[in-house]
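Enquirer: Quick one: sequence and predicted model below, then my questions.
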Amino acid sequence: MRAVRLASTAVTAAVLLAALTACGSGSGKSGDDAKSPDAKSASTKDPGSLAAALTGDPKAALAAAALVMQKAGNGKVAMITPDSSQPGGAGTADWKDPGKASVDLTSDMEGKKLKVRVIGTDAYVGGDDTAAPALGGKHWVKVPASEEMGSAFLVMGQMMNPVAQLTVAGQSGKPSKVGEETVDGVRTTHLRAVEDTSVLVAGMTSLSAEQRQSVEKTLEEDGKTLTIDFWLNDKQELVKYREYGDTNGESKAVTVTYSDLGKGAKFEAPAAGDLGSPADLLKLLG
């Protein structure tokens, strides 16, 4: 089932989120006290100063961008994957709660246009009236997180979380400035963070030893190191994000784009009365 392959393309986000959680829980601080000096100073700067920060320390720029994206809270997103075996999608993401990013995407799965909706730790697949015949007249089915497909969708939701991506890349990666580039007509600063897979996974104390072993094995199928690219505009907003491992390189990169920050459409969990049986999921996917 092609949708299950989302786990391998999106698992990096789960790794980054776990590292972010570990960093946050270990400090014993909250609010502004938990922020790095660079992050705190960036939050008080005017737009001109933020733009100037892009020419300075890449870690400071990533920290400042994380704060800007956190303030925005939501926006339109699009996931672009290297081939049809790894379905992408476009829609809305909400990351007001950094640990529970939610997404509402339209994705092409098994040749069908379906909706994927992740609300916190719950994942749903469905669509319009065309989904009803397979779901006993309902429009959605809840995918158990304990199943591989459900876990993949939750990880995909976290991959859309720009706050987690920016924060961990700034803290645990080796960021550098690539240069100035234009993305969809917008002038941006291209930053790159290279992360050692084994070192990153080893520091994830919030995961069990078995989970760390599984995550590292999956990640190392793409390479011993991960390259994560960020494109920031002059407002320190994340415009585009891309990640790939050193084994397959850029040809297998997964890209996420962001737009209309703070203007994302509202969405919520499907009504309980509109949920079909999980056993009907295979019928929905054909």
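Expert: Now that the structure is in, tell me what you want to look at.

Enquirer: looking at this protein, which helix or strand is least sure?
Expert: helix 37-43 (a mean of 39; mean pLDDT, DSSP states H and E).

Enquirer: what are the ranges of the helices in this structure?
Expert: Assigned by DSSP state H, the helices in the chain fall at 6-27, 37-43, 47-53, 58-72, 148-159, 162-172, 197-202, 209-219, 281-285.

Enquirer: Against residue 167, how distant is residue 63?
Expert: According to Cβ to Cβ, to the nearest Å, residue 63 and residue 167 sit 7 Å apart. The C-beta positions use only the backbone N, C-alpha and C, and glycine is treated the same way.

Enquirer: Over to residue 68?
Expert: According to Cβ to Cβ, residue 68 stands 12 Å off from residue 167.

Enquirer: Looking at these two, which one has more neighbours?
Expert: More crowded of residue 68 and residue 167, by other Cβ atoms under 10 Å: residue 167, with 28 against 22.

Enquirer: Just list the residues touching the closest residue to the more buried one other than its chain neighbours, thanks.
Expert: Sequence neighbours aside, residue 66 is the residue nearest to residue 167 in space, at 4.7 Å (criterion: Cβ to Cβ, 6 or more residues apart in numbering). Residue 66 is in contact with 39, 162-163, 166-167, 170, counting by Cβ atoms under 8 Å, 6 or more residues apart in numbering.

Enquirer: Top of the residues you listed by number of neighbours, please.
Expert: For the contacts of residue 66, neighbours tallied by other Cβ under 10 Å; top is residue 166, 31 neighbours.

Enquirer: tell me the contacts of it?
Expert: Residues near residue 166 by Cβ under 8 Å, 6+ apart: 62-63, 65-66, 69, 230, 238.

Enquirer: Let me see the contact set for the closest residue to residue 268 other than its chain neighbours.
Expert: Leaving aside its chain neighbours, residue 268 sits nearest to residue 119 (7.0 Å; criterion: Cβ to Cβ, 6+ apart). Listed by Cβ under 8 Å, 6+ apart, the contact partners of residue 119 are 102, 268-269.
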